[in-house]
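[1] with the input below, show me the fold.
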Amino acid sequence: MKTVEYASYTKEQLEKEFLTSLTNGLTQRQAIASHLTNGQNTLNEQELSVCSILLRQFNTPFGYLLLAAAVVSFLLHDRINALIIVIIVSLNGLLGFYQEYKAGQALKLLKTHLTMKARVIREGKEIVIDSKELVPGDVILLQTGDLIPADIILYKGSLSVNESILTGESVPVQKNEGQAPLTLDTNHTTNLCFLSTMVVEGAAQGVVVATGSKTMFGEISNLTLHTSRQSGFHERLAHLSRFILSIIFISLTCLFIFHLLIKGVHTDIVQLLFFSIALTLGLTPEALPTVTTFALSRGALQLVRHDVVVKRLSAIEDLGAINILCTDKTGTLTENSLSVNALYEEKNGTVLPYMLLASKKNSTLDPFDSAVIKAASAQVLDESSLYTVIKEIPFNPALRRNSIIVSKDNEYILISRGSFESIKNLSLPLSHLELLTQWITQQAEQGNRTLAVAYKKAPTLEALDQEDECTFLGLVSFYDPIKATTRGALKKAHKLGITIKMLTGDSAEVAIAVARQIGLSDTAITGPEFQALSLEEKQKAVEAHAIFARIVPQQKYEIVELLKAHNSVGFIGEGINDAPALKAAHVAIVVKGASDIAQDAADILLLRPSLFSVIEGIEIGRQVFSNTLKYILATISSSFGNCYSVAIASLFTNFLPLLPLQILLINLLSDLPMVTIAVDTVDTEELKKPQQYDLRSLALMAALLGIVSSLFDALIFALYYSKGASVLQTNLFIESILTELVLIFSIRTKRVFYKAKRPALPLIGASIMVASITLLLPSTHVGQTFFQFQPLDWRALDILGAVVCMYFITTELVKLLYYRYKRLNHVK
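    Residues are numbered from 1 along each chain as shown. Down below sits the predicted model:
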């Protein structure tokens, strides 16, 4: 049965259909039974099995080429070559499998932190459960800021719901309790709320009628299950891979043509084919997507240890790119653990009781409510329990107040609380305005926040339709201590070149007082002042000011959009009103426990509200990005340099400078230390500002280093060509791997190598292991029999050592000159 058909059901029919009670909800036994029948409230997701991950390592054009080469070798009775190719392909595949599997496990771990919650009534009690545990028949409570976790029929209350995820229309739709006409047109089902839509305003209760893939959104998602979306980061990597592949195709086509032109009928086509396949693999960074995903997933696990969870891996790159971070004051810079600091009362003993009544909400209590309840005496608490809540008017960010209507002994009372300006406007004229203003200013200069409260009594509910002519009761100031880590976070942010901007709804006086306590610039502008500026003046204002006070959600969005013109912007938010700014920011960061809508808009989730955690996350993001660039630069420059020199040399000799199997072995051995770059340390200077992914700069640097590699390959060729094919191949094999190893230690820093941070131990260990295998293999039976190496003349090691040292010095000079040129010419 389609969910829209339940919209025409009466309350009694809903209870009968789902064996539930609108008053008491389901029993735990019913919920468990329904869970077994209907499954978890989750959408179907593609999850690759271990076998699928393993097989996809070979499901590449290069994998097919190598396996085809193995088959051809076998058919030509060259079974040793065939076996070695299969072994090398298998080892490469297993390395890729390990990296991808580890990345997948990391993502699974991250998802455990990203669970949404739902408030339901079971066995007559209101409880909070994971949304995935919802079942049809559950009675659920919804309020402003919730992301609707299932398809739900409302039977009490009303909501304003954003259904843009289904309809594309951003204008909120009104949803009300009661029956709807029997129809399959969702536009007429005004009592039906759909999974993944958002509650913009209101409070209501409803019955879950469909979960998971049986919901309307679930049916749509099933249609798109087999589609995938790449992040911007992986799109750029794919662009780089396509660029490299085009160069390889052109190069190998030219190699074939030149071989035929120069050598003519003497060309060994089969050997040339194998040689070309080996060169293709050597030139191609086929592990690039896997290695970068591995680096990002490792970074994600590092972030979790700092209480920062990423919802998408590529957000790590974006996080590292941030140079401006916008944050609210409360909860991030301060503890958001409020306590009542002082009272200003028109009449003694009236402010706290009425503030307490304003806290008698069916919706979730906020920190102000908790502070008032904590400050109230037992007598005041007992008296407040005698009142019944009739109606809630949620907090309105534009009006800056919320209201509640309570009743007792046939008398109705409207209580409004909020900013002094808002409460003053709905109150009867005040005779001592200047005195009140002075009191508020005095509290603000201490960093304390102030709420005003007013009330209005009436014999009927209808008489309270208008919030006006209220009696002003007084003021309450609240103290919110600064977080112990805030000052340290600001100092670290300054070292990393990150500008912190405070966007708050509090007054300028409160914001400035807090800024001075934590060491933030106290240049402030208020929302009304900002609104009065021209577009050009606003652009200058967002760059010049560190504090934006008394701003509304629309202004937060506008400030983020203006800052994005010249910066990479992160935004920390938590409420439904932050959602537009979160969507606009390059990186959306929310605190765990924030509104569902805010969490849905987020890229990053903070397990604890701390600015220090975010700054640490930015630093880790920069480390991951820096190491990914190191890998790309190292693998491209060394592979292109070595392979092109070998390809060119092959045109002018009557033997191959390196056999296909030797090229494949170089590719395998050099990949091992390359992978460990993901865990390498990063120089402090490189963390001081965001790095950029610049294909032009990367290609230029790789070309310069590739030319250096080719020149030193040519030197080995000149030294050993006259000594025969196997001697040349052996020494060229050793020189190729050793130069690739020392290149890693050169390009891992932009400084002179000995001034850099110490390399990570896995990088050192992998490099020593590969160097040892490289030097020992030619002297072994395996190396001489299968790879046709010549036993190494250990006296010739002096020559190889000198060549490798000269190569290292040359790469250092090229690197330093290149980065000096960039600095002098202000090249990014």
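[2] export stretch 653-670 as PDB, just CAs?
    Extracted in PDB, the C-alpha atoms of stretch 653-670 (Å, rounded to 0.1, in the frame of the first residue of the first chain):
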ATOM      1  CA  THR A 653      70.300  -0.100 -29.500                       C
ATOM      2  CA  ASN A 654      70.000  -3.600 -30.800                       C
ATOM      3  CA  PHE A 655      68.700  -4.700 -27.400                       C
ATOM      4  CA  LEU A 656      66.200  -3.300 -24.800                       C
ATOM      5  CA  PRO A 657      67.800  -1.000 -22.100                       C
ATOM      6  CA  LEU A 658      65.400  -2.700 -19.700                       C
ATOM      7  CA  LEU A 659      63.400  -5.900 -20.200                       C
ATOM      8  CA  PRO A 660      59.600  -5.700 -19.700                       C
ATOM      9  CA  LEU A 661      59.800  -7.800 -16.600                       C
ATOM     10  CA  GLN A 662      62.500  -5.500 -15.100                       C
ATOM     11  CA  ILE A 663      60.300  -2.400 -15.800                       C
ATOM     12  CA  LEU A 664      57.400  -4.100 -14.000                       C
ATOM     13  CA  LEU A 665      59.600  -5.000 -11.100                       C
ATOM     14  CA  ILE A 666      60.800  -1.400 -10.800                       C
ATOM     15  CA  ASN A 667      57.100  -0.300 -10.800                       C
ATOM     16  CA  LEU A 668      56.200  -2.700  -8.000                       C
ATOM     17  CA  LEU A 669      59.200  -2.000  -5.800                       C
ATOM     18  CA  SER A 670      59.000   1.800  -6.100                       C
END
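[3] what's the burial count for the residue lying closest to residue 725 once chain neighbours are set aside?
    Nearest non-adjacent residue to residue 725, counting by Cβ to Cβ, 6 or more residues apart in numbering: residue 655, 4.3 Å away. For glycine as for every other residue, the C-beta is placed from the backbone atoms N, C-alpha and C. Residues lying near residue 655 (other Cβ atoms under 10 Å) number 13.
[4] start at 40 instead
    Renumbered: residue one is now 40, and that last one reads residue 694.
[5] what about residue 89, how many residues nearby?
    Neighbours of residue 89 (other Cβ under 10 Å): 10.
[6] repeat for residue 352
    For residue 352, using other Cβ under 10 Å, the count is 22.
[7] correct me, but it touches residue 336?
    Yes: using Cβ atoms under 8 Å, residue 352 is in contact with residue 336, at 6.2 Å.
[8] wait, the residue nearest to residue 764 sits on residue 765?
    No: using Cβ under 8 Å, residue 694 and residue 765 do not qualify as a contacting pair, with a distance of 9.2 Å.
[9] so what secondary structure elements neighbour the strand or helix carrying residue 551?
    Using DSSP states H and E, residue 551 sits within helix 547-557. The contact analysis (3 or more Cβ pairs under 8 Å, 6 or more residues apart in numbering; DSSP states H and E) places helix 547-557 against helix 472-484, helix 525-534, strand 538-542, strand 563-565, strand 586-588.
[10] looking at these, which is nearest to residue 155?
    When the helices and strands packed on helix 547-557 are compared by Cβ to Cβ, strand 538-542 sits nearest residue 155, at 25.7 Å.
[11] average model confidence for the closest one?
    Averaged across strand 538-542, the pLDDT comes to 94.
[12] and that strand, what's buried?
    Judged by neighbour count (16 or more other Cβ atoms under 10 Å), strand 538-542 contains these buried residues: 538-542.
[13] quick one: least confident helix or strand in this structure?
    helix 255-262 (a mean of 64; mean pLDDT, DSSP states H and E).
[14] any idea of the pLDDT on the residue nearest to residue 764?
    On the pLDDT scale, residue 694 gets 85.
[15] measure the spatially most central residue of the chain to residue 503 for me?
    In the chain, the C-alpha nearest the mean C-alpha coordinate belongs to residue 354, at 3.3 Å (Cα atoms, centre = their mean). The gap separating residue 354 from residue 503 is 47 Å, by Cβ to Cβ, to the nearest Å.
[16] try residue 574
    Taking Cβ to Cβ, one finds residue 574 at 42 Å from residue 503.
[17] likewise for residue 477?
    In terms of Cβ to Cβ, residue 477 sits 32 Å off from residue 503.
[18] more neighbours: the two, which one.
    residue 503 (18 against 11).
[19] would you agree the more buried one is in contact with residue 450?
    No: Residue 503 is not in contact with residue 450 according to Cβ under 8 Å; the separation is 10.9 Å.
[20] common neighbours of the two, please.
    residue 497 (Cβ atoms under 8 Å, 6 or more residues apart in numbering).
[21] below-threshold pLDDT in the stretch 340-489 of the chain: ranges please.
    Residue ranges of the stretch 340-489 of the chain with pLDDT under 70: 400-403.
[22] the helices in it, which residues?
    354-359, 390-397, 406-414, 417-423, 459-465, 472-484 (DSSP state H, counting those that start in this stretch).
[23] what helices or strands is the shortest one leaning on?
    Helix 354-359 makes packing contacts with helix 327-344, strand 626-630, helix 650-689 when contacts are defined by 3+ Cβ pairs under 8 Å, 6+ apart.
[24] out of the ones you listed, which gets nearest to residue 787?
    Proximity to residue 787 (Cβ to Cβ) singles out helix 650-689 among the helices and strands packed on helix 354-359, at 5.5 Å.
[25] list the buried ones in the helix or strand following the closest one?
    Sequence order places helix 699-714 as the next helix or strand after helix 650-689, per DSSP H and E. Neighbour counts over helix 699-714 (16+ other Cβ under 10 Å) mark 699-710, 712-714 as buried.
[26] what count of nearby residues applies to residue 98?
    Residue 98, neighbours per other Cβ under 10 Å, totals 11.
[27] residue 157: which of the helices of the stretch 340-489 of the chain is closest?
    Closest among the helices of the stretch 340-489 of the chain, using Cβ to Cβ: helix 406-414, at 21.3 Å.
[28] partner residues bridging residue 452?
    residue 445, residue 496 (DSSP bridges).
[29] quick one: contacts for it?
    396, 426, 444-446, 494-497.
[30] mind giving me the PyMOL command for buried ones among these?
    Selection of buried members from these for PyMOL, criterion 16+ other Cβ under 10 Å:
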select buried, resi 396+426+444+445+494+495
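[31] list just the nearest of the contacts of residue 452 to residue 603.
    residue 444 (42.6 Å).
[32] wait, the closest one sits on residue 427?
    No: using Cβ under 8 Å, residue 444 is not in contact with residue 427; the gap is 9.8 Å.
[33] how is this protein divided into domains?
    280-339+658-863, 347-373+522-648, 378-518 (automatic domain parsing).
[34] returning to that earlier point: what would the helices and strands packed on helix 547-557 look like in JSON lines with distance to residue 773?
    Compiled in JSON lines, these are given as follows (distance: least, Cβ to Cβ, whole Å):
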{"stretch": "helix 472-484", "distance to residue 773": "73"}
{"stretch": "helix 525-534", "distance to residue 773": "43"}
{"stretch": "strand 538-542", "distance to residue 773": "51"}
{"stretch": "strand 563-565", "distance to residue 773": "65"}
{"stretch": "strand 586-588", "distance to residue 773": "62"}
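[35] which one of the ones you listed lies nearest to residue 319?
    Across the helices and strands packed on helix 547-557, closest to residue 319 is helix 525-534 (Cβ to Cβ), at 45.1 Å.
[36] now the closest one: how far from the chain's centre is it?
    Distance of helix 525-534 from the chain centroid (Cα atoms, centre = their mean, to the nearest Å) equals 22 Å.
[37] now that helix: buried residues?
    525-526, 528-529, 531-532.
[38] over to stretch 716-723?
    Buried, per 16+ other Cβ under 10 Å, within stretch 716-723: 716-721.
[39] ends of it, how far apart?
    17 Å (Cα to Cα, to the nearest Å).
[40] how about stretch 422-430?
    19 Å.
[41] how about that stretch: buried residues?
    Buried-residue list, stretch 422-430, by 16+ other Cβ under 10 Å: 423, 426.
[42] got the contact list for it?
    Counting by Cβ under 8 Å, 6+ apart, 392, 395-396, 399-401, 415, 443-447, 451-452, 500 sit against stretch 422-430.
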